[in-house]
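>>> What shape does this take:
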Amino acid sequence: MMTPNDETASPSLYSNSETWKYALVQSLPVFFGYLFLGIAFGILLQQAGFHAGWALLSSLIIYAGSGQFLLVSLLKSNASLAAVAAMTLLINGRHIFYGLSFVEKFRAMGRKCLYMIFSLTDETYSVLCSLRPPAKVEPQKAMFRIALLDHSYWILGSLLGALMGQLIPFDFEGVDFSMTALFVVIFLDQWKSLPSHIPAVIGLFSSVFFLLLLGPDQFLLPSLAATAIAMFACKRWIVRKMEGGDGQ
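Next up, the predicted model:
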């Protein structure tokens, strides 16, 4: 019997409009977060002496969120290419862990694979992990369109911010809290929609433990590594829980 998440379903059962609608609805929480964060980035970049064209270009080809905020200070300090590469690796190295769980799914998407790898941000990853598309929605196309929409939101926010920075004074202090609020919303949505809370509990416990142990500047990569190891060790149990088994 065919299920809503069966990616081998006949293409004739899928609806292009339903797939777009589903992707748009799923990406809406990211829209509000990216719009305000993108505006903050655009303003920062403009105040550093770079016009709106640079905001558009950097968001098109870099698209790294926190990495782009770092880019502003690196550009202002005339940092070397080696320093830029090292800092970017340290900040965005967590994406290595994200990508491992989507290797097979992205590979099955053919030519879209490279863009999916490029566009796998924290928020897009969180949304893709919680997808439960209905019968008329094609899973692979929904994933691609969510990634594309999220990227578009960031570009729009960055461009708006750069333009606003040229026209009006703007105090952007505290705007970056929208990223924290976005993660809380996505976490609560996953908690309610998934049958097992084991992955959420593992991730939450690991984050809090390493935050207390190492502090806010160094906890992220160790907590991600510990979460990945714990998830791999408990893989069979988690799968049974997700499928409604007793986990024994």
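
>>> number of nearby residues for Leu188?
Neighbour count for Leu188, taken as other C-beta atoms under 10 Å: 11. Just so you know, the C-beta spots here come from the backbone N, C-alpha and C atoms, and that holds for glycine as well.

>>> tell me which element it is part of?
Assigned by DSSP states H and E, Leu188 belongs to helix 177-193.

>>> Same check on Leu60?
Leu60 belongs to helix 52-61 when assigned by DSSP H and E.

>>> Just the buried residues of that helix, please?
By 16 or more other C-beta atoms under 10 Å, the buried positions in helix 52-61 come out as 52, 54-56, 58-59.

>>> just the CA coordinates of that helix, formatted as PDB?
Extracted C-alpha coordinates of helix 52-61, given in PDB (Å, rounded to 0.1, in the frame of the first residue of the first chain):
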ATOM      1  CA  ALA A  52      23.400  46.800  -1.900                       C
ATOM      2  CA  GLY A  53      25.000  45.000  -4.800                       C
ATOM      3  CA  TRP A  54      27.500  43.300  -2.500                       C
ATOM      4  CA  ALA A  55      24.700  42.200  -0.200                       C
ATOM      5  CA  LEU A  56      22.900  40.600  -3.100                       C
ATOM      6  CA  LEU A  57      26.100  38.900  -4.400                       C
ATOM      7  CA  SER A  58      27.300  37.600  -1.000                       C
ATOM      8  CA  SER A  59      23.900  36.100  -0.200                       C
ATOM      9  CA  LEU A  60      23.700  34.500  -3.600                       C
ATOM     10  CA  ILE A  61      27.100  32.800  -3.500                       C
END
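
>>> List the contacts of the nearest residue to Leu45 once chain neighbours are set aside.
Spatially, and ignoring its direct neighbours in sequence, Leu45 is nearest to Ala55 (5.1 Å; C-beta to C-beta, 6 or more residues apart in numbering). Residues in contact with Ala55, defined by C-beta atoms under 8 Å, 6 or more residues apart in numbering, are 41-42, 45-46, 158-159, 161-162.

>>> ok, now how distant is the closest residue in space to Gly42 that isn't next to it in sequence from Ala83?
In space, and not counting its chain neighbours, Gly42 is closest to Gly161: 2.3 Å by C-beta to C-beta, 6+ apart. Remark: distance between Gly161 and Ala83 (C-beta to C-beta, to the nearest Å) = 25 Å.
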